[in-house]
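Participant: Pasting a predicted model and its sequence here:
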Amino acid sequence: MTARNPLRDPQDRRLPRIAGPCGLVIFGVTGDLSRKKLMPAVYDLANRGLLPPGFALVGFARREWASQDFTQVVHDAVKQYSRTPFREEVWEQLAEGFRFVPGDFSDDDAFDTLRQTISELDKERGTNGNHAFYLSIPPRFFSTVVGQLKEHGLADQQDAWRRVVVEKPFGSDLGTARELNAVVSEVFPPESVFRIDHYLGKETVQNILAVRFANAMFEPIWNSNYVDHVQITMAEDIGIGGRAGYYDGIGAARDVIQNHLLQLMALIAMEEPISFDARHLRIEKQKVLEAVQLPRRLDLYTARGQYDEGWAGGIKVPGYTAEPDIPADSRTETYAAIRLEIGNARWANVPFYLRTGKRLGRRVTEVAVVFKRAPHLPFGDSAIESLGENALVIRVQPDEGITMRFGSKVPGTAMEIRDVSMDFAYGGSFVESSPEAYERLLLDVLLGDPPLFPQHEEVELSWKILDPIIEHWTRKGAPQRYPAGTWGPEAADAMLARDGRVWRRP
Amino acid sequence: MATELTDTNAAAIAVELLRARRNAGSPAMGMVLTLIVDTDEAGASEALDAARDASTEHPARIIGVIRGRSTGRSQVDAEISIGRQAAGETILLRLRGEVTEHAESVVLPLLLPDSPVVIWWPSRAPADPARDPLGALARRRITDCAAAPRNKQAALSTQCATFSDGNTDLAWTRLTGWRALLAAAWEESHTKVIAAEVTAERVSPSADLLRGWLSDRLKVDVTRRTSRGPGITSVRLMTRDDEISINRPDGRLAVLSTPGQPDRPVALKRRQVAELLAEELRRLDNDNVYEATVKRLRKLEEAG
């Protein structure tokens, strides 16, 4: 930016930032994720007027498609999955910029064609050489594709920018995460690498930060003096669906705890950052992750399970090992729960219980901060029989919001105190969290905003936490079974019972 | 569920609201503001629908005020509904007789405690919104010159003349898309603009405001030309040897031309009132850029 833009005024907060001229190249464009999330997100961004005029979308996949066929695929995907209503003029704006390049990841000709397509777009659509590469492909192809990008001069950033987007999982343990990072960082500088955890939208992160740091009434009690423990839950009601190839051998801990739950924990537990820019946030999150202490007895304070057949929400569903393409003797866990502590003054002796699973009671992601009981209760035993602990629950999805649980007198002459819940929901239809996550991410990528998503150090730290647990599990044999549609295996309940606590029913 | 109260007062309405909320089974609500809609019988239904749509993004207590004949016995009727596709509560007040002169006395007790109040005049607006008894209750006052029943041009001049902190107009909100696109287009070339031109249908408060804004920001002469519409049809920013232009002949799809770049289509649809209102409710402090624009426009008008 040379001269100051006279049309922009910092006080003019209505004006959205529109990305400069650019294009997006999606590898693995025929996949589910691309159709259900990326294409609709591109459309939704365009519909909100946030994409640059002349935006280009290039699909790359092993299909004998012409660009028209690709356009049709995008059209169908957008119509079916986009969050905002379909509007013909928005579509017209977008559709002119669609291109498709057929080919294998190892096919040199295809990458030549890709380079040519991109430079044509620069001329026809004015994308100015700015392109982001979205790797919506299995991690085993990363090095091939990144290598090809380098070899064919697609990663050269001269006057323009080139960025790369990598989806979770970021490796499957510390070793593979480092390998993956080596491959990507050899070609792209760190600020051009965007790692996305689509479970954790920027909106959610910012909501949590706002609750914690914009309020005077939570921060003073946000520590071990008042907090008894914290429960972080991500439950899914669905099974593994069509993801057998990816999921088996990976399991719940690697799939969800490593990135999502540990990130949520870091946001809840971190100290106040100097500012809310990406760098300062990262510093605080890293400090928390580095301070994490594993339980000494991994056998007592971790639990895992695998869903059995059962009735989930009124539908009879098969067990994990009966799912298509899953070996009958699979030991992959579909439920994982761990207890962690954070070794700093704020959180000394406050356990953080993290759990995730598939085919659980219902779909919910939440963080529950459970407080200690009031130090003295000047009431009779009968009065407080049904009084639990106060809790502040940050709901992530669905219906993002906050629930507070506290004691209140039951109306009547007798003194009886009971738990009540107070709910706050962030606005209505605008808070569809998962598409929003993709929209915000894509916009960050195109604007070049440093993302709130983890950088490599955080990824490594999370693997350092998880690796010993997974090793322990590998030695221990098969996970415990739990019926589909319930809240997980008995071992998880026993794990909290040992501490005299119970899981919240979310 | 709607409840009707005939010949009532604010206290009785408040009691009914509480009862309706209890009945709906959710005693606590996360409403963030009160939105007063000052309207007439003919426009009430449409205006309240738009307000309800906007309240999905900003949960609000919506208070519609319809003033009937000012003669005869004073009477307040109310229609209360909670939920019903709105993330909050709607109260529709119908006033008759002398109380029509004292609408604020009915509305004041019904404002949500301790949260911002916004007022919106979907069509006819008072000459000085900030001094209007209802307008004085609100910190944000939204008029819509383009929807004024007659002489929209004069409506804009009046609003410009009586501007107070917190006033805003939907004719200005309609410009956000244009302004964002112009700002982004300028960033592609970074050249000094020496003159500008706005073309729109003959009467278009938005076009006048756009002229004011460009003139204020760019410090250049902005010519206003007339076309057959709809709305604004083109904006040109002239630079020394080229120009940035946006042409939107059909009110939905525009073409952006910038120096050294191919022409590109851009969706630039005229938005629905509910969307405009939702944008307006996103910021509840004074819009300084609008203020500067309005002041500039007044100067331009005075200069002829």
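Facilitator: Received, thanks.
Participant: only C-alpha atoms for contact and neighbour calcs from this point on.
Facilitator: Noted.
Participant: Hmm, residue A:364 is touching residue A:398, no?
Facilitator: Yes. Under the criterion of C-alpha atoms under 8 Å, residue A:364 makes contact with residue A:398 at 6.2 Å.
Participant: Looking at those two, which is more packed in?
Facilitator: Set side by side, residue A:364 and residue A:398 show more neighbours around residue A:364, with 19 against 14, by other C-alpha atoms under 10 Å in any protein chain shown.
Participant: tell me the contacts of the more buried one?
Facilitator: A:233-236, A:395-398, A:506 (C-alpha atoms under 8 Å, 6 or more residues apart in numbering or on different chains).
Participant: Return the distance of the residue nearest to the spatial centre of chain B relative to chain A.
Facilitator: The centre of chain B sits closest to residue B:170, judged by C-alpha atoms, centre = their mean, with a distance of 3.2 Å. Distance from residue B:170 to chain A, counting by C-alpha to the nearest C-alpha, to the nearest Å: 13 Å.
Participant: In contact with the closest residue to that residue other than its chain neighbours, which residues?
Facilitator: Ranked by C-alpha to C-alpha, 6 or more residues apart in numbering or on different chains and with sequence neighbours excluded, the top spatial neighbour of residue B:170 is residue B:144, at 4.9 Å. Shown in contact with residue B:144 (C-alpha under 8 Å, 6+ apart): B:121-125, B:169-171.
Participant: how about 10 Å then?
Facilitator: B:120-125, B:152, B:155-156, B:159, B:168-173, B:205, B:273 (C-alpha atoms under 10 Å, 6 or more residues apart in numbering or on different chains).
Participant: can I assume residue A:215 sits in a helix?
Facilitator: No. If the criterion is DSSP: H, G, I helix; E, B strand; the rest coil, then residue A:215 is coil and not within a helix.
Participant: what residues are up against it?
Facilitator: Applying C-alpha under 10 Å, 6+ apart to residue A:215 gives the contacts residue A:209.
Participant: what's the answer for residue A:211, then?
Facilitator: A:217-219, A:394, A:402.
Participant: Would you mind trimming those to those in range of chain B?
Facilitator: Filtering the contacts of residue A:211 for proximity to chain B (criterion: C-alpha under 10 Å from any C-alpha of the partner chain) leaves residue A:402.
Participant: hmm, back to that, can you convert the contacts of residue A:364 into CSV and add a column each for pLDDT and distance to residue A:380?
Facilitator: Below are those laid out as CSV (pLDDT from 0 to 100; distance: C-alpha to C-alpha, whole Å):
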residue, pLDDT, distance to residue A:380
A:233, 95, 34
A:234, 94, 38
A:235, 93, 38
A:236, 91, 41
A:395, 88, 34
A:396, 84, 37
A:397, 74, 39
A:398, 72, 39
A:506, 83, 29
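Participant: Helices - which of those land there?
Facilitator: Of those, none are assigned to helices by DSSP state H.
Participant: And the furthest pair within these?
Facilitator: Using C-alpha to C-alpha, these span at most 14.2 Å, a distance reached by A:236 and A:395.
Participant: Neighbour count: these two, which is higher?
Facilitator: More neighbours surround residue A:395 than the other of residue A:236 and residue A:395, with 24 against 18 (other C-alpha under 10 Å).
Participant: So the residue of chain B positioned farthest from its centre: helix, strand or coil?
Facilitator: What lies farthest from the middle of chain B is residue B:241; by C-alpha atoms, centre = their mean that is 38.1 Å. Secondary structure assignment for residue B:241 (three-state DSSP): coil.
Participant: where are the low-confidence patches of the chain?
Facilitator: With no chain named, the answer covers chain A. Along chain A, the parts satisfying pLDDT under 70 run over A:1-2, A:198, A:426-436, A:450-453.
Participant: Hmm, no, I was thinking of chain B.
Facilitator: For chain B, the stretches flagged by pLDDT under 70 are B:1, B:25-30, B:83-87, B:304.
Participant: re earlier: out of the contacts of residue A:364, who's near chain B?
Facilitator: Among those, proximity to chain B is found for none (C-alpha under 10 Å from any C-alpha).
Participant: from those residues, which is closest to residue A:376?
Facilitator: Distances from residue A:376 to the contacts of residue A:364, taken by C-alpha to C-alpha, are shortest for residue A:506, at 28.0 Å.
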